[in-house]
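Q: Got a predicted structure plus its sequence, pasted below:
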Amino acid sequence: MTGIIQYLFRKPSSDEPLVRESKLDLVENQGIMGDKSFGRRKRQVLLVEEEIIHKYGLKPGDLKENIVTSNLRLSQLDIGTQLIIGDVTLEVTGDCAPCSYMEELQEGLFEKIKGNRGVLAIVRKGTEIKVGDQIEVLIEEN
């Protein structure tokens, strides 16, 4: 599976809106430089499918995501799956459960989006990523 980065966002703090970026600097085991989730253990990056955003009539950034992808079924990725974006490696740590904020966006969205809000990941190898970069799913052979 291969996807494409369509949008990138950084959230400076809880009180500030997302900032749309053309590129982001990712730091190994820390996350996105300048993002409020920098330094967290399991919740450093949130990836959401562009197709899901459109399905629910939302705009990129509405779900507080960092990376909007296309052509990549994030909900099918297992915990531990590695995503390769150029020289960057992300590791999926789990599904991003919807929160009460979903109801502020759209009545009933909390229930409708369960299992499709996106996936959380940590940075295993960091450097710069940019809009248009390809995302490759590393499939381990058993």
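A: Great, that's in hand.
Q: ok, I52 touching K114?
A: No. Contact criterion CB atoms under 8 Å: I52 and K114 do not qualify, at 11.7 Å. (C-beta placed from N, C-alpha, C; glycine too.)
Q: Comparing the two, which residue is more hemmed in?
A: I52 (20 against 12; other CB atoms under 10 Å).
Q: any idea whether the residue positioned nearest the centre of the chain is helix, strand or coil?
A: Nearest residue to the geometric centre of the chain (CA atoms, centre = their mean): L47, 1.5 Å. Under the three-state scheme (DSSP: H, G, I helix; E, B strand; the rest coil), L47 adopts strand.
Q: For it, which non-adjacent residue is closest in space?
A: I67 (4.6 Å; CB to CB, 6 or more residues apart in numbering).
Q: So S75: helix, strand or coil?
A: Using three-state DSSP, the three-state assignment for S75 comes out as helix.
Q: where along this structure do the helices fall?
A: For the chain, applying DSSP state H gives helices covering 50-55, 101-105, 109-112.
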